[in-house]
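# Coordinates only, no sequence provided:
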């Protein structure tokens, strides 16, 4: 196989990977707190022989999340909480602490504040419990949860020096080996959720661009295949 075909196939492989990322972004356009992802590409040079130009391949070296805050949407549910600015809620799981910006909380049978999957949301002093029958729940801008009889707890909000190091876990959770840093004065909004920061029009534009690029590479491969077939045919006729 010629070097030109190897180079074209490397481009097709990168385009397929990018298309997977765009499709995943579009699938999560309505997922609260979801962050759009992008691929990072670089040119990968391969030396061929002395004094000859190297071969230039396309290589995707990783992906990153767009950290822009998504729109904050009012829901009216007192247990929906959005973070405005930097920070993550802390969730206690059987595998250790996990982190999320998805603030759609609920109460379990014991009155513990949990995620939609029943994992406890951690406050400054551990899981937060709401007394049975409490209907007047308020959450202040700095995360203090109060009821009719006073303060019930305070949401723990943390940040990270390297948020790109956070890795996806299940159910909008993240895990990391980095130590969390407490946010002393978080900014939370009760009765609201942070929407996805995915811009559907932008992602559809990216999908069309990828499709055009794929078609361009396919045309090149078709032309290269025809060129090689014609060359073999001429060589065969010349030998015979």
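Cool, the structure landed. Since the model is a prediction, treat every value here as computed from it, not as a measurement. Numbering: from 1, shown residues only.
# which regions of the protein lie under the pLDDT threshold?
1-7, 41-61, 240 (pLDDT under 70).
# Pop the domain breakdown of it in here.
When the chain is parsed with automatic domain parsing, its domains come out as 3-68+198-239, 72-194.
# taking those domains together, which one is wrapped up most tightly?
Of all these, domain 72-194 has the most neighbours on average by mean count of other CB atoms under 10 Å, namely a mean of 16. In this view, the C-beta of every residue, glycine as well, is placed from N, C-alpha and C.
# Just the terminal-to-terminal distance for it.
4 Å (CA to CA, to the nearest Å).
# Distance from it to the middle of the chain?
Chain-centre distance of domain 72-194: 19 Å, with CA atoms, centre = their mean, to the nearest Å.
# so what secondary structure elements neighbour the longest helix seen in the chain?
Identified as the longest helix of the chain according to DSSP state H is helix 200-239. Applying 3 or more CB pairs under 8 Å, 6 or more residues apart in numbering; DSSP states H and E, one finds that helix 200-239 contacts helix 3-27.
# I'd like to know how far residue 163 sits from residue 85.
From residue 163 over to residue 85 the distance is 12 Å, taken as CB to CB, to the nearest Å.
# Help me confirm that residue 93 comes into contact with residue 173.
Yes - checked against CB atoms under 8 Å, the pair residue 93 and residue 173 is within contact range at 7.5 Å.
# So what's the residue count around the nearest residue to residue 71 once chain neighbours are set aside?
Closest residue to residue 71 in three dimensions, ignoring its sequence neighbours and counting by CB to CB, 6 or more residues apart in numbering: residue 195, at 4.8 Å. For residue 195, the neighbour count with other CB atoms under 10 Å is 18.
# what sits against residue 195?
Contacts for residue 195 (CB atoms under 8 Å, 6 or more residues apart in numbering) come out as 30, 32-33, 70-73.
# Of the residues you listed, just say which sits nearest to residue 108.
residue 32 (20.1 Å; CB to CB).
# coming back round to it: in helices, which of the contacts of residue 195 fall?
In helices, judged by DSSP H, none of these are found.
# Identify the farthest-apart pair in these.
Greatest spacing in these, by CB to CB: 30 and 72 (15.0 Å).
# hmm, back to that, JSON lines for the contacts of residue 195, including distance to residue 132?
Formatted as JSON lines, the contacts of residue 195 follow (distance: CB to CB, whole Å):
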{"residue": "30", "distance to residue 132": "33"}
{"residue": "32", "distance to residue 132": "28"}
{"residue": "33", "distance to residue 132": "29"}
{"residue": "70", "distance to residue 132": "34"}
{"residue": "71", "distance to residue 132": "35"}
{"residue": "72", "distance to residue 132": "31"}
{"residue": "73", "distance to residue 132": "30"}
